[in-house]
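A.B. asks: Show me the folded form of this:
(chains A, B, C and D)
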Number of protein chains: 2
Amino acid sequence: MKEYSEKQVQIMEAAEELFSEKGFEGTSVRDIAESADVNLAMISYYFGSKDKLMEALFTYRGENSLAQLEGMLHKKELSSLEKFNQLIDYYIERFQKHYCFHRIMTREQIATLKGPVSDLILALKRNNLEIIRQLVKEGQKRKEFRRNVDISLMMSTLVGTVNHILSTKHYYRELNGLQSLSEEQFDRHIRKKLSLHLKSLFKATLTHE
Amino acid sequence: MKEYSEKQVQIMEAAEELFSEKGFEGTSVRDIAESADVNLAMISYYFGSKDKLMEALFTYRGENSLAQLEGMLHKKELSSLEKFNQLIDYYIERFQKHYCFHRIMTREQIATLKGPVSDLILALKRNNLEIIRQLVKEGQKRKEFRRNVDISLMMSTLVGTVNHILSTKHYYRELNGLQSLSEEQFDRHIRKKLSLHLKSLFKATLTHE
DNA sequence: GGGTTTTAATTAAACGTTTGTTTAACTTTG
DNA sequence: CAAAGTTAAACAAACGTTTAATTAAAACCC
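C.D. replies: Below is the predicted model of the structure:
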């Protein structure tokens, strides 16, 4: 677990917000320096380069997400469907909590595999896939879930729906006439709606009819 | 319907490929000129600016997608579920056919609403939503579909899954050990898998159990 | 613990490239 | 010969990064 100084975090979080809105290439190091209220040269001083700053951001945010998830899924008293429902809420909440970072990840995934950031994303995906795989297998062993389930596609629907709707939520808002809601109200609204939607969606496809 | 000369199309399609891989900001007009095999100044000459080239690309690709779709959905002899299945295949095939452009759209949606490109995307989304809305309503009137269906979320799952899996297909390929397949084989494979997956997903949620 | 030295942090300025766009001269086309 | 197309060169601005000088903090020694 790498440690970052207060100032480093300050820079990373300023960069995070700018990257999420204008993209990595669309953000200049001068933008970041100004937004983080540090001297331009500090970014090279602390991180070496703009690319390495991006990498640092990914290791900074990429940590500690797994332990939490795995702990959640090992509570024996829950049914597999209940666990899956928890997984859904976990994804939604995590995206909303680290909204900027997940927008960056969503955008960055589109370029083809290459560079350290892609490697980190791939590793995260592998872990997520394995966790879902185990959960589905458990549900199948308990006869809660049906047998013919494509886990990779299932995960794509979960992640794809959450990513799409949350990273482009301004469109959803516009299309559904929800401009009058405050940002917090809207986030609560969409979290609730999305949660229910995905739970009923996966209940219908995972369990026996 | 705006017309573009051969040379203009040549430039737009070169730009399309580069934008899709490296992003709009990550691509220089010199990259585009070289890739399109034209002189640098021709881009300003024909389009005015890099931004306007992007806009032109969106109007160029944004056209004529709707007529086709609407014609498809007005064939009375098909059941609503069959129409929905056609809609699914239509989305998948259209994404694959204009792979580069849809990757650009997927990436560009992440920045918040602003500028002419956002307006075009919003208009496209509005149209798509309306078409699905009518289709679902028809299915409900025919008692094929259940009544409590959130169309906006439904569309998010359809579009979100297709966008996610196709715009990041290199990850899917890696995660599922399909590197040995050729690009064409892999595209066929994923089209088939994705089609079946979405059809069973939506059948389970749209129709009565 | 006060004085000294070494290390770390911070700064403004400058570096050489690359950026998007324009110019002005030239060639092709109708 | 006028209009459209094409070119290499030039433009200023912005880019990521480095430099060298200065200040702040930490470590050291007697």
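A.B. asks: Tell me the helices and strands packed up against the helix or strand of chain A with the lowest mean pLDDT.
C.D. replies: Counting by mean pLDDT, DSSP states H and E, chain A has its least confident helix or strand at helix A:65-73, which shows a mean of 75. Where contact means 3 or more CB pairs under 8 Å, 6 or more residues apart in numbering or on different chains; DSSP states H and E, helix A:65-73 is packed against helix A:80-97, helix A:116-141. C-beta here means a position set from N, CA and C on the backbone, and glycine is covered the same way.
A.B. asks: Buried residues, the shortest one. List them.
C.D. replies: This means helix A:80-97. Judged by neighbour count (16 or more other CB atoms under 10 Å in any protein chain shown), helix A:80-97 contains these buried residues: A:80-81, A:83-88, A:91-92, A:94-96.
A.B. asks: so how far is the least confident helix or strand of chain A off the chain centroid?
C.D. replies: The chain centroid and the centroid of helix A:65-73 are separated by 14 Å, computed with CA atoms, centre = their mean, to the nearest Å.
A.B. asks: Going by neighbour count, list what's buried in that helix.
C.D. replies: By neighbour count, and taking 16+ other CB under 10 Å as the criterion, the buried residues in helix A:65-73 are A:Leu69, A:Leu73.
A.B. asks: Let me know the angle separating that helix from helix A:116-141.
C.D. replies: Orientation check (axes from the mean of the first three to the mean of the last three CA atoms, to 10 degrees): helix A:65-73 against helix A:116-141 gives 10 degrees.
A.B. asks: tell me the secondary structure for A:His170?
C.D. replies: Under DSSP: H, G, I helix; E, B strand; the rest coil, A:His170 falls in the helix class.
A.B. asks: what's the distance between the residue nearest to A:Thr27 when sequence neighbours are not counted and B:Thr157?
C.D. replies: When the adjacent residues along the chain are set aside, A:Thr27 lies closest to A:Leu18, with 4.3 Å between them (CB to CB, 6 or more residues apart in numbering or on different chains). A:Leu18 sits at a distance of 30 Å from B:Thr157 (criterion: CB to CB, to the nearest Å).
A.B. asks: Pretty sure A:Pro116 sits against A:Thr59.
C.D. replies: No: under the criterion of CB atoms under 8 Å, A:Pro116 lies out of contact with A:Thr59, with a separation of 9.2 Å.
A.B. asks: Point out where chain A drops to low pLDDT.
C.D. replies: Per-residue confidence of chain A (counting by pLDDT under 70) places the weak regions at A:1, A:64, A:66, A:209.
A.B. asks: What is the burial count for the one residue in chain A that gets nearest to DNA strand C?
C.D. replies: When distances are taken as CB to the nearest atom of the strand, chain A reaches nearest to DNA strand C at A:Asn39, 3.0 Å away. Counted with other CB atoms under 10 Å in any protein chain shown, the burial measure for A:Asn39 works out to 10 neighbours.
A.B. asks: what helix or strand is the residue nearest to A:Pro116 when sequence neighbours are not counted on?
C.D. replies: In space, A:Pro116 comes closest to A:Glu55 once its chain neighbours are excluded; the distance is 5.2 Å by CB to CB, 6+ apart. Assigned by DSSP states H and E, A:Glu55 belongs to helix A:50-62.
A.B. asks: Report the contact partners of A:Glu13.
C.D. replies: For A:Glu13, the contacting residues are A:Ala36, by CB atoms under 8 Å, 6 or more residues apart in numbering or on different chains.
A.B. asks: who in chain A is up against DNA strand D?
C.D. replies: A:27-31, A:40-41, A:43-44, A:48-51 (CB under 7 Å from any atom of the strand).
A.B. asks: Nothing else from me, thank you.
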